[in-house]
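**Q** I need the structure of the sequence given here:
(2 chains)
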Amino acid sequence: MTEEGNSEWRGDIAFFGKIAAGFSHEINNVISGVSELSGLLTDLCALAERGSPPDLARLKKNCETISAQAQRGVTIIRQFNRFAHSADEPSVVYDPFVHIQNLVELCRRFADMKRVKLGLSSPEERCNIKGSPFQLLHLVFSVINTALCTVEENGAVTLSMTKKEGGLNITANISPVSAEEGLISNKNLLDDLASGLEGRSFIDYCKTDMTASVTISLPDSILYIPEV
Amino acid sequence: MAGEKVLLIDDEKEFVTALSERMETRGIKARTAFNGEEALSIARKEKFDAVVLDMVMPGMDGIETLKQLLKMNPDLQVILLTGFGTVQKSVEAMKIGALDFMEKPAQIQQLVEKIKEASANRIAIVTEKNEKLITDILKTKGW
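**A** Below is the predicted model:
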């Protein structure tokens, strides 16, 4: 493997590791919750055995909370599984919105830690593209990470996807901006990741007084047009 | 000793609410806070035998909350709850002045034992301080 290839591989592994670490932390929170809630049920049963009449409303509420936690766990596992499969094939035809939506859900924890609202608006027009979903997600994650380093606490990072003549734009709007250095320090990384995608992809930066945006510009050669 | 009073700090509301109910069934009076700021506000008004603090929370994290709590009350006995990959942070927290740390999910009996240990520690510290204060007064006043 070349030095460049080795560096790319390490970057990919680091990205996968960050998502996996966030996932395992979330799942541990779910298990900790279920563990305490089931422990509480055991305590209530023990109290009932000693003659304290069971509070049915309390028991019902507890069971409902356990069920909600289990559902939360299933959702997190499904999201992570979908993400893990994004690395299956080096090149496939896929809907980028589906993968980015899943990534945003996996990244919500990172945003919550910074008390930032992370969102994704629905595109006016959906499309399919060709290439590696994992490579695109690596770039989108790096953009989200950059945005989270740049946005003020209690601010918002909103992603959007726009199909345009000549390709597809994926934009992260950052509002309000607190640390412009975040944009500057990550610029080389984002540019490198963009140049690694198929076609002539590039990153566009825009900054006003209070807001900023980072746009991934994917060329039309990446768009998949089915043969009729 | 029964009747310890503990402050539980964690952003996972279902977890911390269930934990507080389990503490209550074991004779421990528990107060809950869902973030660092709320915990500081409660700790300003009330005294606790021990604090159980989650390391990873939105906004003010466990380390910062610990620093602020100890600044407010250096004798406070803090037990940390850690997730995966926060061992290094736990060591940092111990250096700052936390009493102990446990990995989540924690066994309730072990946690209760640590709370009792923390409570005993606090009493010993307060007693020692009071004894020193009395000795100092006796020395300076020359009674």
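
**Q** burial count for the closest residue to residue A:216 other than its chain neighbours?
**A** Leaving aside its sequence neighbours, residue A:216 sits nearest to residue A:170 (C-beta to C-beta, 6 or more residues apart in numbering or on different chains; 4.3 Å). For the C-beta atoms, the positions are set from N, CA and C on the backbone; glycine is no exception. Residue A:170: 23 surrounding residues under other C-beta atoms under 10 Å in any protein chain shown.

**Q** I'd say residue A:170 and residue A:163 touch.
**A** No: Residue A:170 lies out of contact with residue A:163 (C-beta atoms under 8 Å); the separation is 10.5 Å.

**Q** which residues does the residue nearest to residue A:216 contact?
**A** A:96, A:100, A:140, A:143, A:159, A:160, A:161, A:215, A:216, A:218 (C-beta atoms under 8 Å, 6 or more residues apart in numbering or on different chains).

**Q** quick one: which of the residues you listed is nearest to residue A:127?
**A** The shortest approach to residue A:127 among these belongs to residue A:96, at 7.8 Å (C-beta to C-beta).

**Q** what does chain A have sitting close to chain B?
**A** Selection of chain A residues close to chain B by C-beta under 8 Å from any C-beta of the partner chain yields A:21, A:24-25, A:28-29, A:31-33, A:35-37, A:39-40, A:43-44, A:47, A:62, A:65, A:68-69, A:112-115, A:153.

**Q** in PyMOL, select just the buried ones from those residues.
**A** Filtering those down to the buried ones (16 or more other C-beta atoms under 10 Å in any protein chain shown) takes a single PyMOL command:
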select buried, chain A and resi 25+29+32+33+35+36+37+39+40+43+44+62+65+69+113+114
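
**Q** in helices, which of the residues of chain A next to chain B fall?
**A** Within the residues of chain A next to chain B, residues falling in helices by DSSP state H are A:21, A:24-25, A:28-29, A:31-33, A:35-37, A:39-40, A:43-44, A:47, A:62, A:65, A:68-69, A:112-113.

**Q** just the strands from chain B, written as ranges.
**A** All strands of chain B, identified by DSSP state E, fall at B:5-9, B:29-33, B:50-54, B:78-82, B:100-103.

**Q** most tightly packed of these?
**A** strand B:50-54 (a mean of 27; mean count of other C-beta atoms under 10 Å in any protein chain shown).

**Q** list of residues touching it?
**A** By C-beta under 8 Å, 6+ apart, the list of residues contacting strand B:50-54 reads B:4, B:6-12, B:19, B:39, B:43, B:62, B:65-66, B:69, B:76-81, B:98-99, B:104, B:111, B:114-115, B:118-119, B:122.
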